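Peer 1: What follows is a protein structure lacking sequence information:
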């Protein structure tokens, strides 16, 4: 968004998205971009940071705008008009928490993206994959074994089998503006008929999706938990592994060799463990969640040790969405403050292939968050919703 009024943050300590050393100075925003940093002449509205730390706008690389519930046919078959209105509210809440960019990796469409671009709703910068691709009986198939009903697509997932059908589905997603392609490469928590560990889609099917995405200068993200499913995805060209909770050391090394990213979603399992039963999460899903809950932090540690680039995602469904910031605390417990801040900013920006976000430097997008202190000395400023923060998106104050 351009033509934003000028804005200056003075007396700030600045985390640039990379360096552990905090710079001191001012940041000038003009026309929706960061124009100058350092000892500068202030322009427009002036905010005195009072020595507090300013970080780049945060990035959530595993978000679901249309997740109106905790999964199943009620989510996929709800009215799209309702899902879009709920999605707009979810996106608005995310940006007010400081997430100025999100990647929707199972859902989203050109209509919602157009509404955001037109300024009809307050929302983060929005990347979407469209409905994720799932094999019959895979993680994106919401039917229980007892249901004799047809399902081919919903708002978040589509069931597509076979190389030729997958190629057509991928091409259609890129035709309608998808940023990347999401596939389901293993069983999952909220799906009811697929064991978590087993790989999904044949090698030929995965390679066909990757081939189509690569020729569009894009990439494939894959839902995968187990070493065997992660290996199956990575060896066939998948760039982004979502979740990865059961990752082992050898598979982490394989990911590093292939340049794959890991996007952990620790908030989702913690929230489902604490709150899922009260919100009606299916007992089958509760049992699956218990299987992967404790392993998530270990996976982050193994990935970082192997040199894998680790991003950040939330993956929160339905009413669990307000635990988005809790994910930051959980990832800090596994990776520390610096690596988590990098995951939330520069690493996720690299994953999204957008060099204009994830940092604070001249010419970058005008996204920043003024925290209530120094996260390196007081990490709670990153996740405590009772601590004040000022969110700037496209050079405008959102909160």
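Peer 2: Alright, I've got the coordinates. Computed from a predicted structure; not experimentally measured.

Peer 1: ok now do residue 36, which residues does it touch?
Peer 2: 26, 27, 28, 362 (Cβ atoms under 8 Å, 6 or more residues apart in numbering). Backbone N, C-alpha and C define where each C-beta goes, glycine included.

Peer 1: so where is the protein shaky, pLDDT-wise?
Peer 2: Where the chain drops to pLDDT under 70, the residues are 1-2, 143, 148.

Peer 1: can you do 90?
Peer 2: In the predicted model of the chain, residues 1-5, 69-78, 137-155, 187-197, 272-273, 276-294, 399 satisfy pLDDT under 90.

Peer 1: okay, which residue is most central for it?
Peer 2: residue 61 (1.8 Å; Cα atoms, centre = their mean).

Peer 1: would that residue count as being in a strand?
Peer 2: Yes: looking at residue 61 with DSSP: H, G, I helix; E, B strand; the rest coil, it is inside a strand.

Peer 1: separation between it and residue 264?
Peer 2: Counting by Cβ to Cβ, to the nearest Å, the separation of residue 61 from residue 264 is 10 Å.

Peer 1: shared neighbours, those two?
Peer 2: With Cβ under 8 Å, 6+ apart as the test, residue 61 and residue 264 both reach 311, 312, 313.

Peer 1: can you map out the helices along the stretch 1-150 of the chain?
Peer 2: 73-76, 80-97, 110-117 (DSSP state H, counting those that start in this stretch).

Peer 1: Residue 203 touches residue 232, doesn't it?
Peer 2: Yes: contact criterion Cβ atoms under 8 Å: residue 203 and residue 232 qualify, at 7.1 Å.

Peer 1: Those two: which is more packed in?
Peer 2: More neighbours surround residue 232 than the other of residue 203 and residue 232, with 22 against 13 (other Cβ atoms under 10 Å).

Peer 1: check which helix or strand covers the more buried one.
Peer 2: Remark: residue 232 resides in helix 227-235, with elements defined by DSSP states H and E.

Peer 1: mind listing what's buried in that helix?
Peer 2: 227, 228, 229, 230, 231, 232, 233, 234 (16 or more other Cβ atoms under 10 Å).

Peer 1: Next, work out how far apart the fifth one and residue 222 are.
Peer 2: Counting by Cβ to Cβ, the gap from residue 231 to residue 222 is 11 Å.

Peer 1: Same check on the last one?
Peer 2: As judged by Cβ to Cβ, residue 234 and residue 222 stand 8 Å apart.

Peer 1: Tell me the most packed of the contacts of residue 36, by neighbour count.
Peer 2: Neighbour counts for the contacts of residue 36, by other Cβ under 10 Å, peak at residue 27, which reaches 27 neighbours.

Peer 1: what's the overlap in contacts for residue 234 and residue 222?
Peer 2: With Cβ under 8 Å, 6+ apart, residue 234 and residue 222 have common neighbours residue 241.

Peer 1: quick one on the thing from earlier: and the residue nearest to the centre of the chain, what does it touch?
Peer 2: Residue 61 makes contacts with 102, 103, 105, 240, 263, 311, 312, 313, 348, 351, 352, as judged by Cβ under 8 Å, 6+ apart.

Peer 1: rerun that using 6 Å as the cut-off
Peer 2: Taking Cβ atoms under 6 Å, 6 or more residues apart in numbering as the criterion, residue 61 is in contact with 103, 263, 311, 313, 348, 351.

Peer 1: any chance of those residues in CSV, plus secondary structure and distance to residue 46?
Peer 2: Output for those, formatted as CSV (DSSP: H, G, I helix; E, B strand; the rest coil; distance: Cβ to Cβ, whole Å):
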residue, secondary structure, distance to residue 46
103, strand, 33
263, strand, 37
311, coil, 34
313, coil, 35
348, helix, 30
351, helix, 34
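
Peer 1: Just give me the closest of these to residue 89.
Peer 2: residue 103 (18.5 Å; Cβ to Cβ).

Peer 1: For that closest one, list each beta-bridge partner.
Peer 2: Beta-bridge partners for residue 103, by DSSP bridges, are residue 127.

Peer 1: Make sure it is actually in contact with residue 129.
Peer 2: No: Residue 103 is beyond contact range of residue 129, at 7.8 Å (criterion: Cβ atoms under 6 Å).

Peer 1: For residue 299, give its distance to residue 334.
Peer 2: 8 Å.

Peer 1: quick one, which of the two is more surrounded?
Peer 2: When neighbours are counted by other Cβ under 10 Å, residue 299 and residue 334 differ, and residue 299 comes out ahead with 27 against 20.

Peer 1: Now do the one helix or strand residue 332 maps to against helix 80-97, angle only.
Peer 2: Residue 332 is part of helix 326-335, with elements assigned from DSSP H and E. Computed by axes from the mean of the first three to the mean of the last three Cα atoms, to 10 degrees, the angle separating helix 326-335 from helix 80-97 equals 60 degrees.

Peer 1: Quick one: the helices in the stretch 251-399 of the chain, in order.
Peer 2: Counting by DSSP H, counting those that start in this stretch, the helices of the stretch 251-399 of the chain are 266-275, 283-293, 295-306, 326-335, 337-342, 348-351.

Peer 1: Could you identify which of those is most buried?
Peer 2: Comparing these on average neighbours per residue, with mean count of other Cβ atoms under 10 Å, the densest one is helix 348-351 at a mean of 24.

Peer 1: hmm, back to that, give me the subset of the contacts of residue 36 lying in strands.
Peer 2: Judged by DSSP state E, strands contain the following of the contacts of residue 36: 26, 27, 28.

Peer 1: Count the neighbours of the residue nearest to the second one when sequence neighbours are not counted for me.
Peer 2: In other words, residue 27. Nearest residue to residue 27 in three dimensions, chain neighbours excluded: residue 9, at 4.6 Å (Cβ to Cβ, 6 or more residues apart in numbering). By other Cβ under 10 Å, the residues close to residue 9 number 25.

Peer 1: now swap in the one 4 residues further on and tell me
Peer 2: Other residues near residue 13 come to 19 when the count uses other Cβ under 10 Å.

Peer 1: and what of the one 5 residues further on?
Peer 2: For residue 18, the tally of surrounding residues (other Cβ under 10 Å) stands at 17.

Peer 1: Contact partners for it?
Peer 2: residue 346.

Peer 1: Would you tell me which of the helices of the stretch 1-150 of the chain gets closest to residue 277?
Peer 2: helix 73-76 (17.2 Å).
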